[in-house]
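K.L.:
generate a structure from the sequence data that follows.
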Amino acid sequence: MDRRRFLQFTGMVGASALALTACDKDNDNTGGMPAGSIDLGSGDTGILNYAYALEQLEAAFYTQVVVTPYSGITATEQSLLADIRDHEMAHKMFFGKALGTMAIPALTVNFANINFSSRDAVLATAKAFEDLGVSAYNGAGKLIKDANYLLLAGKIVSVEARHAAWIRDLISNGSFADTTAVDANGLDMAAEPASVLAAAAPFLTSKLWAGNLPTD
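P.N.:
Okay, the predicted model is just below:
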């Protein structure tokens, strides 16, 4: 599917998900939330906002990569990185539409420590973001109650895993499914929201609070 059709398709899926949403705005218990932080919310709303935050981060990163390509980038690399950017933008738009008025605001990123002119730096950051995204979806799947959202999350994480495999192979051919990505049972790694958000925090100026996210 080309980028234009992918974006159109995902936009329609996002509108459909919004129409399916039957939950009311959650009554959050914000006790203990640091001043100036953004509350992700609770229940499925909180998990969707959690995913939305990560997609915002990835979309912003790949947008910058495409705008300021690293030294020595090939035409193939530039084209495929643009594809990844478009996928991440589509994921971001999907969650924004699905959440509607319950969506967290646009986040402010902090990429000050990323050297976008260096291929090694860009690909290392891309690898970290893609591996983080895959493990985040895998860890959050058990927390989603709505089967429709679980199905869509499964479709998105499979795309994220494709990204991760390609980035890994750009860095080191054949490393797409090494032991740092796949365990001894042949399964992708999974991570809990707290550890994922801690890893993402250095790349965000916005402060996220996950105190109301479900834990089981």
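
K.L.:
what about the helices in the protein?
P.N.:
3-20, 43-67, 75-99, 119-140, 147-171, 193-200 (DSSP state H).

K.L.:
can you list those helices in TSV and add distance to Gly36 and mean pLDDT?
P.N.:
Backbone N, C-alpha and C define where each C-beta goes, glycine included. Formatted as TSV, the helices of the chain follow (distance: least, CB to CB, whole Å; pLDDT from 0 to 100):
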stretch	distance to Gly36	mean pLDDT
helix 3-20	29	48
helix 43-67	16	98
helix 75-99	21	97
helix 119-140	23	97
helix 147-171	29	95
helix 193-200	16	97
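
K.L.:
relative to Ala106, which of those helices is closest?
P.N.:
helix 43-67 (6.9 Å; CB to CB).

K.L.:
that closest one versus helix 75-99: what angle between them?
P.N.:
Angle of helix 43-67 versus helix 75-99, following axes from the mean of the first three to the mean of the last three CA atoms, to 10 degrees, is 150 degrees.

K.L.:
stretch 203-216 - what's its average pLDDT?
P.N.:
Average pLDDT, stretch 203-216: 95.

K.L.:
residues in contact with stretch 170-182?
P.N.:
Contacts with stretch 170-182, where a contact means CB atoms under 8 Å, 6 or more residues apart in numbering, come from 77, 123-124, 127, 131, 134, 164-166, 168-169, 188-189.

K.L.:
what's the PyMOL line that selects buried ones from these?
P.N.:
Of the contacts of stretch 170-182, the buried ones can be selected in PyMOL as follows, counting by 16 or more other CB atoms under 10 Å:
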select buried, resi 77+123+127+131+134+164+165+166+168+188
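
K.L.:
will you turn the helices of the chain into a markdown table that also has distance to Ala184?
P.N.:
As requested, those are exported to a markdown table (distance: least, CB to CB, whole Å):
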| stretch | distance to Ala184 |
| --- | --- |
| helix 3-20 | 34 |
| helix 43-67 | 26 |
| helix 75-99 | 29 |
| helix 119-140 | 16 |
| helix 147-171 | 18 |
| helix 193-200 | 21 |
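
K.L.:
of those, flag the one that's most buried.
P.N.:
Mean neighbours per residue, mean count of other CB atoms under 10 Å, is largest over these for helix 43-67, with a mean of 22.
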